[in-house]
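Q: attaching a predicted model along with its sequence, questions to come.
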Amino acid sequence: MRPLHVLAVDDEPPALEDLTYLLRGDHRIGRVLAADSSDAALRLLEGATVDAVFLDIRMPGLDGLDLVRVLGRFAEPPAVVFVTAYEDFAVDAFALKACDYLLKPVGRERLAEAVRRVAAVVTAAAEGPAGAQAQNAAAADPAADRIPVDVGGVTRFVARADVAYAEAQGDYVRLHANGAAPLVRVSLAVLEERWAPHGFLRVHRGFLVSLRHVEELRGEAGHWTLKVAGRELPVSRRHSRELRDLLVRWSRTPGGDPS
């Protein structure tokens, strides 16, 4: 494929310099533009077309998330990679269909992986409907939806399909997946809205459960509990009927799709 044209955006001069240096060092990138604010980025994009934007989030004026929302209204929006010191915005970033989310300081290898993802998106777009169809199929795959988790300064990704249940803990949610229980900064209500179409049900004010991971549903004297990943969880009265109906439909439908 042809060399990529990219735009780096950061309001801190040292960070912007480091980012553009790393981008220019990648053999897949041909041209690197730089802007020190979202407004400057939009002015540059009036006269230039880029394949991707690598940008910070916390910036004066229009922040990175707002800039991406503006870019989304372009006829051909560029791919987006967030490069930030803050992990708190990862869920919002991926909701905006970001290609990747990098935590500063960014290493050469980690940036190279982000460039690889951008190149894949650009290639798929260049292939027309067939490429777009492949991208849409990947997005529809439950395993393709991942949530970023910061562990000791390293961002790892947990696949939605691996999550047995999510547990509310204040402004955070603890994901229970494959024996691990990472904490992520997102509300249970937000996670419920995004994952409900993929077989997750809010069974209690504190728990969001994956129907595919339910092992047992038990009712006694009008009180219901279910067993998920070896743990017994409460089911609120108002959710018990919906849960029973969905579990029956889930078990009877090929592929386990309760919709």
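A: Happy to help now that I have it.
Q: for the closest residue to residue 56 other than its chain neighbours, what are its contacts?
A: Among residues not flanking residue 56 along the chain, residue 10 sits closest, at 4.4 Å (C-beta to C-beta, 6 or more residues apart in numbering). (Glycine included, C-beta is placed from N, CA and C.) By C-beta atoms under 8 Å, 6 or more residues apart in numbering, the residues touching residue 10 are 16, 19, 36, 55-56, 59, 83.
Q: in the chain, which helix is the longest?
A: When the chain is parsed with DSSP state H, its longest helix is helix 108-126.
Q: for residue 202, which three-state class applies?
A: Three-state assignment for residue 202 (DSSP: H, G, I helix; E, B strand; the rest coil): strand.
Q: quick check: beta-bridge partners of it?
A: Assessed by DSSP bridges, residue 202 has beta-bridge partners residue 208.
Q: and the residue most central in space within the chain, what does it touch?
A: For the chain, the residue sitting closest to the mean C-alpha position, by C-alpha atoms, centre = their mean, is residue 94 at 3.2 Å. By C-beta under 8 Å, 6+ apart, the contact set of residue 94 is 101, 146-148.
Q: of these, closest to residue 220?
A: Nearest to residue 220, judged by C-beta to C-beta, of the contacts of residue 94 is residue 147 at 34.3 Å.
Q: isn't that closest one right up against residue 157?
A: Yes: using C-beta atoms under 8 Å, residue 147 makes contact with residue 157 at a distance of 6.9 Å.
Q: any figure for the gap between residue 27 and residue 109?
A: According to C-beta to C-beta, to the nearest Å, residue 27 and residue 109 sit 14 Å apart.
Q: just residue 174 next, same as before
A: Per C-beta to C-beta, residue 174 is found 29 Å from residue 109.
Q: next one: residue 207
A: Separation of residue 207 from residue 109 (C-beta to C-beta): 38 Å.
Q: one more: residue 165?
A: For residue 165, the distance to residue 109 equals 34 Å [C-beta to C-beta].
Q: between those two, which one's more packed in?
A: For the pair residue 165 and residue 109, the greater number of neighbours falls to residue 165 (22 against 7), based on other C-beta atoms under 10 Å.
Q: hang on, the more buried one in a helix?
A: No: Residue 165 is assigned strand when assessed by three-state DSSP, not a helix.
Q: you'd agree it is up against residue 211?
A: No: applying C-beta under 8 Å, one finds residue 165 not in contact with residue 211, separated by 10.3 Å.
Q: coming back round to it: the longest helix of the chain packs against which elements?
A: With contacts taken as 3 or more C-beta pairs under 8 Å, 6 or more residues apart in numbering; DSSP states H and E, helix 108-126 sits against strand 4-9, helix 13-24, strand 52-55, strand 79-84, strand 100-103, helix 129-140.
Q: and among those, the most buried is which?
A: With neighbours defined by mean count of other C-beta atoms under 10 Å, none of those is more surrounded on average than strand 52-55, at a mean of 27.
Q: run through who's touching it.
A: Strand 52-55 is contacted by residues 4, 6-10, 19, 23, 38, 41, 64, 67-68, 71, 78-83, 99, 114, 118, 121-122 when judged by C-beta under 8 Å, 6+ apart.
Q: not counting its neighbours along the chain, what's nearest residue 226?
A: residue 217 (4.8 Å).
Q: check which helix or strand residue 94 maps to.
A: Here residue 94, judged by DSSP states H and E, is contained in helix 90-95.
Q: ok, and for that helix, which residues are buried?
A: The neighbour-count check on helix 90-95 (16 or more other C-beta atoms under 10 Å) flags 90-94 as buried.
Q: chain center to it: distance?
A: Relative to its chain's centre, helix 90-95 lies at 5 Å (C-alpha atoms, centre = their mean, to the nearest Å).
Q: circling back: tell me the angle the longest helix of the chain makes with strand 79-84.
A: Angle, helix 108-126 to strand 79-84, by axes from the mean of the first three to the mean of the last three C-alpha atoms, to 10 degrees: 160 degrees.
Q: what angle separates helix 108-126 from strand 4-9?
A: For helix 108-126 against strand 4-9, the angle by the same axes, to 10 degrees is 120 degrees.
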